[in-house]
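Trainee: Structure for the following, please:
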Amino acid sequence: MSTKRNTTSNSSSPNGVNCEQLRELIPAYSIGATDPQETAFVESMLEYCPDAAAELTDYLVLADEFLYIVPPTRDTNTPIDVPMPKLTPVKPVHAPAKITKLPSDVRVRSDNQRLWIMAAAAAITLVLFGGINFYWFDQVTQLQGDQQALATQLATAQVAMLPVNAGEVHHRDLLPNQEVNVNSGAHATMIWNSAREVGSLYVTGLPPLTADKTYQLWIVRDGESVSLGVFRVDDSGTGTLVFESPEPIEDFQHIGVSEEPNTGSPMPTTPHLIIGNI
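Mentor: All right, here's what the predicted structure looks like:
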């Protein structure tokens, strides 16, 4: 079970997070210029600082626009008026050499050799430039894909926080259950408003399920389990759930997520994969 942590909303530093420090890293993070420690800090704190998340989206859009800006080429056809120096004629010291006409077959071989060299050079040039263009096209495509994936994850996290953005907000972390075989990187954040008993769950690191299976969120009290809803995760293991609790969540002791049949279950049928304390 994770350590109990109870926080209330704070517009400037929710959950003790320094949002100003996060915003200072946003420009460098948007172009991949942060070190691993700074990158981990930004990605773990974005969900707590909506203003910083919105600013990151703006930077990503701006970076995408820069990809299509091509600098103008310099006009190389402008004539340059350079005065030519006057040269003094030089008298030849030796008699002009006699020109001996080459046999026709030698001239043909020489011309063919030059043509072959020129063709080979042209082919090599095309291969080199084609390879360079393909490399940069692949890099740009990969960068655009990474940017789109990050923007999607950011938008998903922001949507999950919408129902609980006013009033007294509670926050709990769900971590892997050590008693079952689950990805050690699995994690979930559950946020709810105690005045309205509505909240959201944001999950990362859970394996995608087959079509006949789903994940189900539970709150537990003295062995009694109450379902808060079912959800699925995408290929990256990310999923969200917006829920409304039928009872005050603070009256329960634990939170858990289990794997259930596609339509959900009245009670858990498998051990909880990730768990937390209320």
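Trainee: Give me the helix or strand of this protein that scores worst on average pLDDT.
Mentor: One helix or strand of the chain scores below all others by mean pLDDT, DSSP states H and E: helix 104-161, with a mean of 63.
Trainee: Going toward the C-terminus from it, what's the next helix or strand?
Mentor: Counting by DSSP states H and E, the next helix or strand C-terminal to helix 104-161 is strand 169-176.
Trainee: Pairing partners for that next one, with directions?
Mentor: strand 187-193 (antiparallel), strand 274-277 (antiparallel) (DSSP bridges).
Trainee: what's the most buried one of those?
Mentor: strand 187-193 (a mean of 23; mean count of other Cβ atoms under 10 Å). The way it works is simple: take the backbone N, C-alpha and C, and place the C-beta from them, glycine included.
Trainee: List the contacts of that strand.
Mentor: 47, 160-161, 163-164, 166-176, 198-205, 217, 245, 249, 255, 257, 274, 276 (Cβ atoms under 8 Å, 6 or more residues apart in numbering).
Trainee: next helix or strand past it?
Mentor: Reading on from strand 187-193 to the C-terminus, the next helix or strand found by DSSP H and E is strand 198-204.
Trainee: Contacts for that next one next, please.
Mentor: 47, 156-157, 160-164, 170, 185-193, 215, 217, 228, 231, 233, 236-245, 249, 257, 274.
Trainee: Which SSE is immediately downstream of it?
Mentor: Sequence order places strand 213-221 as the next helix or strand after strand 198-204, per DSSP H and E.
Trainee: what comes up buried for that next one?
Mentor: Under the neighbour-count criterion of 16 or more other Cβ atoms under 10 Å, strand 213-221 has T214, Y215, Q216, L217, W218, I219, V220 buried.
Trainee: Could you dump these into JSON lines and include pLDDT and distance to Q21?
Mentor: Output for the buried residues of strand 213-221, formatted as JSON lines (pLDDT from 0 to 100; distance: Cβ to Cβ, whole Å):
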{"residue": "T214", "pLDDT": "98", "distance to Q21": "38"}
{"residue": "Y215", "pLDDT": "98", "distance to Q21": "34"}
{"residue": "Q216", "pLDDT": "98", "distance to Q21": "37"}
{"residue": "L217", "pLDDT": "98", "distance to Q21": "32"}
{"residue": "W218", "pLDDT": "98", "distance to Q21": "36"}
{"residue": "I219", "pLDDT": "97", "distance to Q21": "34"}
{"residue": "V220", "pLDDT": "97", "distance to Q21": "36"}
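Trainee: Tell me the one among those nearest to A54.
Mentor: L217 (27.5 Å; Cβ to Cβ).
Trainee: SS state for the closest residue to the closest one other than its chain neighbours?
Mentor: Nearest residue to L217 in three dimensions, chain neighbours excluded: L228, at 4.4 Å (Cβ to Cβ, 6 or more residues apart in numbering). Per DSSP: H, G, I helix; E, B strand; the rest coil, the local secondary structure of L228 is strand.
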